[in-house]
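Peer 1: Whatever this is, show me its structure:
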Amino acid sequence: MSGPILVFDSGVGGLSVASAIRHHLPHAALAYVCDNAMLPYGTKPDAWLVGRIVDVCLAAVDACNACALVVACNTASTLALRELRSRLDIPVIGTVPAIKPAAMTTRSGTIGLLATSATVHRPYTDALIRDFAAQCQVVRVAADGLVTLAERKLAGLGLDDALLSAELAPLWAHPELDTVVLGCTHFPLLIDQLHMQAPRQIGWVDSGGAIARRVVAIVTSMAKGSGPGAAWATAPTPALATALSGYGFAAPQGLEVRAVPLTLR
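Peer 2: Okay, here's the model as predicted:
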């Protein structure tokens, strides 16, 4: 029998994607792996990250005999999808910001892109905007602090409302803005807080549903789930176990990955 669908992220952001996959495939077995020892990815050199992402994903795929790999991280998707697909004989599904659906649903023609610094400034983001939102004004906002807030929320820790407000403030400088792309998988985990912070009705658009529909379309054989899904982390902690348990995963097992100094890649 085929193994589970494996969801990978640098931290807990991929849980928003795992939730969407469960909605579309409620009986499928899911597994989760995060490289939280190296969180955040956005501060690391691209060449080093490619090797690190491949090492973590290959180790986790082998550990759970995955039938498919979902790279639920924008940074990892832009950097390592080609290498992962060349090294694995299972489907590999990536993540990109939901620029296209946002451009299709905006009424005012002004949309926001809320993402990490790495995603906001990458050439692939320029290409998405050029190809699918050329007719729109796109307000790009780097909100790296939201990653930390999402990690804290899922660990059961308090949220810094002042930081949340400061991260979102550049969006509200554009009164015509009516749609915001959540360009990091961590951000949908804060959706309740985002709604409360918005000064008016805003359409929040993320990639989780599109990723889940892609999984449904291309993964034809998978194990059925029963009980909590298996999980791995490069730095297991009680806080991470708390976050994973809230999304139907067992406490994470430690995943050993070869250590490569940052200066060598």
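Peer 1: and the next element down the chain from the helix or strand where residue 113 lies?
Peer 2: Using DSSP states H and E, residue 113 maps to strand 110-115. Per DSSP H and E, the first helix or strand lying C-terminal to strand 110-115 is helix 117-120.
Peer 1: Show me what the next helix or strand after that following helix is in contact with.
Peer 2: Scanning forward in sequence from helix 117-120 by DSSP H and E, the next helix or strand is helix 123-132. Here helix 123-132 makes contact (CB atoms under 8 Å, 6 or more residues apart in numbering) with 78, 96-97, 99-100, 103, 113, 115, 119, 136, 138, 140, 183. For glycine as for every other residue, the C-beta is placed from the backbone atoms N, C-alpha and C.
Peer 1: dump the residue contacts of the residue most central in space within the chain.
Peer 2: With distances taken as CA atoms, centre = their mean, the chain has residue 185 as the residue nearest its mean C-alpha position (2.9 Å). Shown in contact with residue 185 (CB under 8 Å, 6+ apart): 9, 13-14, 16-17, 72-74, 95, 206-208.
Peer 1: And for residue 90?
Peer 2: Contacts of residue 90 (CB under 8 Å, 6+ apart): 61, 66-69.
Peer 1: Pick out whichever of these sits closest to residue 196.
Peer 2: Compare each of the contacts of residue 90 with residue 196 using CB to CB and the shortest gap goes to residue 69, at 34.7 Å.
Peer 1: Quickly list what that closest one is bridged to.
Peer 2: residue 6, residue 92 (DSSP bridges).
Peer 1: Tell me the spacing between it and residue 252.
Peer 2: In this structure, residue 69 and residue 252 are 17 Å apart, going by CB to CB, to the nearest Å.
Peer 1: So these two - more neighbours on which side?
Peer 2: Set residue 69 next to residue 252 and count neighbours by other CB atoms under 10 Å: residue 69 wins out with 25 against 22.
Peer 1: can you list contacts of stretch 224-242?
Peer 2: Applying CB under 8 Å, 6+ apart, the set of residues contacting stretch 224-242 is 4, 12, 27-38, 56, 60, 63-64, 154-157, 244-245, 248-255, 257.
Peer 1: Would you mind listing which of those are buried?
Peer 2: Neighbour counting by 16 or more other CB atoms under 10 Å classes 4, 12, 28-38, 56, 60, 63-64, 154-155, 244, 248-252, 255, 257 among the contacts of stretch 224-242 as buried.
Peer 1: Out of the residues you listed, list just those in helices.
Peer 2: Judged by DSSP state H, these include 56, 60, 63-64, 154, 244 as members of helices.
Peer 1: okay, among these, which ones form the most distant pair?
Peer 2: Using CB to CB, the two most remote members of those are 63 and 154, lying 22.6 Å apart.
Peer 1: Could you tell me the model confidence score at the closest residue in space to residue 10 that isn't next to it in sequence?
Peer 2: Ranked by CB to CB, 6 or more residues apart in numbering and with sequence neighbours excluded, the top spatial neighbour of residue 10 is residue 41, at 4.6 Å. On pLDDT, residue 41 comes in at 85.
Peer 1: show me where the stretch 51-200 of the chain has helices.
Peer 2: Secondary structure of the stretch 51-200 of the chain (DSSP state H, counting those that start in this stretch): helices at 74-87, 99-105, 117-120, 123-132, 145-154, 161-172, 191-197.
Peer 1: Kindly reformat those helices as a markdown table containing mean pLDDT and distance to residue 23.
Peer 2: Output for the helices of the stretch 51-200 of the chain, formatted as a markdown table (pLDDT from 0 to 100; distance: least, CB to CB, whole Å):
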| stretch | mean pLDDT | distance to residue 23 |
| --- | --- | --- |
| helix 74-87 | 93 | 21 |
| helix 99-105 | 96 | 17 |
| helix 117-120 | 88 | 24 |
| helix 123-132 | 94 | 25 |
| helix 145-154 | 92 | 18 |
| helix 161-172 | 96 | 26 |
| helix 191-197 | 96 | 14 |
